[in-house]
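Enquirer: This is a predicted model, with the sequence first.
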Amino acid sequence: MRRRDLYDVASGGGGPRLLPWTSPEGKPCYLSTDGRGYLSTLADSIETVQLSMGQELLEYAREATAPQGPTLAAIEYRWLACRLTEALTDALRVADSRGQRLPDPEEEEAHEGA
């Protein structure tokens, strides 16, 4: 499959897209789109920010937990654990959203063989 085809598929051609935020009640939000609208672009931007923030937090956690790293108070370790949990939740949501938009390999083979 060509890069453009993968982009089109990942952009939302195969059903509703799981968005990187939840409703006020904590329920998942979905968007039915072709992947090129304002909300799709906003969701892409938010996913990028979430993953970047997670990367920065991971770097901080590695430094903070290194053998020669700084000694943190218990409340600072708790804060770090809470932020890492949030970052992991965001990363898993992004992975789930992107995974749902990937083509099924069996369907892809059937399409290429036709």
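Expert: The structure has been received and is ready for your questions. Numbers count the residues shown, from 1 in each chain.
Enquirer: Could you pull out the helices in the protein for me?
Expert: Secondary structure of the chain, counting by DSSP state H: helices at 3-8, 38-65, 74-100, 105-113.
Enquirer: Give me the average confidence score over the shortest one.
Expert: Across helix 3-8, the average pLDDT comes to 56.
Enquirer: Of the helices of the chain, which is nearest residue 25?
Expert: helix 74-100 (16.1 Å; Cβ to Cβ). In short, each C-beta sits where N, CA and C put it, glycine included.
Enquirer: Check which residues of the closest one are buried.
Expert: Residues of helix 74-100 classed as buried by neighbour count (16 or more other Cβ atoms under 10 Å): 80, 87, 90, 91, 93, 94, 97.
Enquirer: Now do residue 57: how many residues are near it, please.
Expert: Using other Cβ atoms under 10 Å as the criterion, residue 57 is surrounded by 16 other residues.
Enquirer: now swap in residue 17 and tell me
Expert: A count of nearby residues for residue 17, using other Cβ under 10 Å, gives 23.
Enquirer: what do you get for residue 35?
Expert: 19.
Enquirer: so what pLDDT did it get?
Expert: pLDDT, residue 35: 77.
Enquirer: isn't residue 91 right next to residue 54, touching?
Expert: Yes: using Cβ atoms under 8 Å, residue 91 makes contact with residue 54 at a distance of 5.4 Å.
Enquirer: Longest strand in this structure, please.
Expert: Across the chain, the strand with the greatest residue count (assigned by DSSP state E) is strand 17-22.
Enquirer: got the buried residues for that strand?
Expert: By neighbour count with 16+ other Cβ under 10 Å, strand 17-22 contains the buried residues 17, 18, 19, 20.
Enquirer: Compute the inter-axis angle for that strand and helix 38-65.
Expert: Here strand 17-22 runs at an angle of 50 degrees relative to helix 38-65 (axes from the mean of the first three to the mean of the last three Cα atoms, to 10 degrees).
Enquirer: Nice, that's everything, thank you.
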